[in-house]
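**Q** I would like to see how this sequence folds:
(4 chains)
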2 protein chains.
Amino acid sequence: MVEKTTEVPATPGTARPHQRGGATFLLTQLGTHAADRFAARTAELGVSPPQIGLLWWLRQSPGQSQQALARQFNIQPSRVVTFVDELEEQGLAVRGKDPYDRRVRTVSLTERGERTIDAVGRAMGEHEDEITAPLSADERQVLVELLGRLAEHAELGSGVHPGYRNLSPKHGR
Amino acid sequence: MVEKTTEVPATPGTARPHQRGGATFLLTQLGTHAADRFAARTAELGVSPPQIGLLWWLRQSPGQSQQALARQFNIQPSRVVTFVDELEEQGLAVRGKDPYDRRVRTVSLTERGERTIDAVGRAMGEHEDEITAPLSADERQVLVELLGRLAEHAELGSGVHPGYRNLSPKHGR
DNA sequence: TATTGTTATACTCTATAACTATA
DNA sequence: TATAGTTATAGAGTATAACAATA
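**A** Numbering: from 1, shown residues only, chains lettered A, B, ... in the order given. Sure, this is the predicted structure:
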């Protein structure tokens, strides 16, 4: 797969009845919007949000094995293979060999991958500015503080990626 | 399809690099979490979030044609057929005939559908309380005010359902 | 000819299970 | 026997197109 669709898939799971006002409704609405806009912005750089997650992690922890990546993002090893295949085809990452264990394939960024993730970092800054544009600096700080307390209460780890959740322990049904 | 999985599907579109602090990251994280919890809570009532959207709308606007529902939620008419099929199988809604146009099938709630959507309404209240538990009443008001301004700036309509977005005008790719 | 509802088909994404090569 | 990587298969979910009945 050389190209990859970068739109956020239709997620009926986030549907909600018509109701304004509630903080949770606004959170769902804005969270979806923010993810959409981020995907649209970074699509111009040729990378999708899940790819970005991997690139970001590889920049600070290069040479990881694919198993380590699967554990880090809590996804199936077979998905890692697909993602890394894509990144290699796009020239953003390369697989290497572990000299001590010939089973493992290490993954590192190429120079182009470095440049791309740098550009993504700049896009993230612009994205943050775009989303929080109507707020003053003080108000942004208040918002971050309130949202941070909600996240802490929800026990969302600081580095938890909603897109990489493991769906195995299904609820309901 | 008698039963329906109610988990939020894996949405790599919401993935984000490891970064705390940013308001947009928190919004995505919390929005996803809120949608997950809502789906888990209402799964006990036997309905999924997209079904809830339809039931909610049908309560206040009963007897809608399926075409009207498709326009209202900005989804394909064929999806409406599937959703209404499910609701009928679960005994939550019934199709009727339009006496003036024999092509259209109207959709209305059954008594059981009414009771279910009432229960969903109560669950929404509990859900709101759960998510905003760590905030005082004043703080909740501030949060809603700030989020409301972000939503207004993003031009998100008050009744826009992120889960029912039409994906046709694709961006990127 | 256009519209409503429906069915059929294809495509994407993902989870699971098999398979290989090493250890 | 266990583990890393890979490939193959199957299952949701959804978009698109084709179709029948009616206007």
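
**Q** which secondary element of chain A has the worst mean pLDDT?
**A** Ranked by mean pLDDT, DSSP states H and E, the weakest helix or strand in chain A is helix A:23-43, scoring a mean of 91.

**Q** which stretches of chain A aren't confidently modelled?
**A** A:1-21, A:156-173 (pLDDT under 70).

**Q** thought residue A:70 was touching residue A:82?
**A** No: with contact defined as CB atoms under 8 Å, residue A:70 and residue A:82 do not form a contacting pair (11.5 Å). No exception for glycine: its C-beta is placed from N, CA and C like everyone else's.

**Q** for residue A:94, see how far away the residue of chain A most remote from its centre is.
**A** Here chain A has its C-alpha centre computed as a mean, and the residue farthest from that point, by CA atoms, centre = their mean, is residue A:100 with 31.2 Å. The span separating residue A:100 from residue A:94 equals 19 Å under the rule CB to CB, to the nearest Å.

**Q** circling back to that earlier point, which one's more surrounded, residue A:70 and residue A:82?
**A** Set side by side, residue A:70 and residue A:82 give different neighbour counts by other CB atoms under 10 Å in any protein chain shown, the larger being at residue A:70 (19 against 14).

**Q** what's near enough to touch the more buried one?
**A** For residue A:70, the residues meeting the contact criterion (CB atoms under 8 Å, 6 or more residues apart in numbering or on different chains) are A:76, A:77, A:79, A:80.

**Q** surely the second one touches residue A:66?
**A** Read that as residue A:77. Yes: with the criterion set as CB under 8 Å, residue A:77 and residue A:66 qualify as a contacting pair; they are 6.3 Å apart.

**Q** higher neighbour count, these two?
**A** residue A:66 (19 against 11).

**Q** next structured bit after the least confident helix or strand of chain A?
**A** Past helix A:23-43, further along toward the C-terminus, the next helix or strand under DSSP states H and E is helix A:49-60.

**Q** direction included, what does the very next helix or strand once past that following helix pair against?
**A** Elements were assigned by DSSP H and E; along the chain past helix A:49-60, the next helix or strand is strand A:64-65. The pairing partners recorded for strand A:64-65 under DSSP bridges are strand A:105-109 (antiparallel).

**Q** the strand it pairs with near DNA strand C at all?
**A** No: shown here: strand A:105-109 not in contact with DNA strand C (CB under 7 Å from any atom of the strand), separated by at least 10.8 Å.

**Q** do that strand and DNA strand D meet?
**A** Yes: contact check for strand A:105-109 against DNA strand D, using CB under 7 Å from any atom of the strand: residues in range are A:105, A:106.

**Q** okay, the angle between that strand and helix A:49-60?
**A** Using axes from the mean of the first three to the mean of the last three CA atoms, to 10 degrees, one finds that strand A:105-109 and helix A:49-60 are set 90 degrees apart in direction.

**Q** hmm, who's touching strand A:105-109?
**A** By CB under 8 Å, 6+ apart, the residues outside strand A:105-109 that reach it are A:55, A:58-59, A:62-66, A:69, A:84, A:87, A:92-98, A:117.

**Q** just stretch A:88-100 next, same as before
**A** With contact meaning CB under 8 Å, 6+ apart, stretch A:88-100 is reached by A:1-2, A:46-47, A:51, A:54-55, A:58, A:63, A:65, A:84, A:87, A:104-110, A:112-113, A:116.

**Q** where's whichever residue of chain A sits closest to chain B relative to DNA strand D, distance?
**A** As assessed by CB to the nearest CB, chain B sits closest to residue A:31 within chain A, at 1.7 Å. Residue A:31 is 17 Å from DNA strand D, where distance means CB to the nearest atom of the strand, to the nearest Å.

**Q** ok, that residue touching residue B:27?
**A** Yes: Residue A:31 is within contact range of residue B:27, at 4.8 Å (criterion: CB under 8 Å).

**Q** the helices in chain A, which residues?
**A** Under the criterion DSSP state H, chain A carries helices at the ranges A:23-43, A:49-60, A:66-73, A:77-89, A:111-131, A:137-153.

**Q** rebuild the ones you listed as CSV, extending it with distance to DNA strand C.
**A** Listed next are the helices of chain A as CSV, based on distance: least, CB to the nearest atom of the strand, whole Å:
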stretch, distance to DNA strand C
helix A:23-43, 11
helix A:49-60, 7
helix A:66-73, 10
helix A:77-89, 4
helix A:111-131, 19
helix A:137-153, 22
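
**Q** now those as TSV including distance to residue B:40?
**A** Compiled in TSV, these are given as follows (distance: least, CB to CB, whole Å):
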stretch	distance to residue B:40
helix A:23-43	13
helix A:49-60	24
helix A:66-73	22
helix A:77-89	24
helix A:111-131	27
helix A:137-153	16
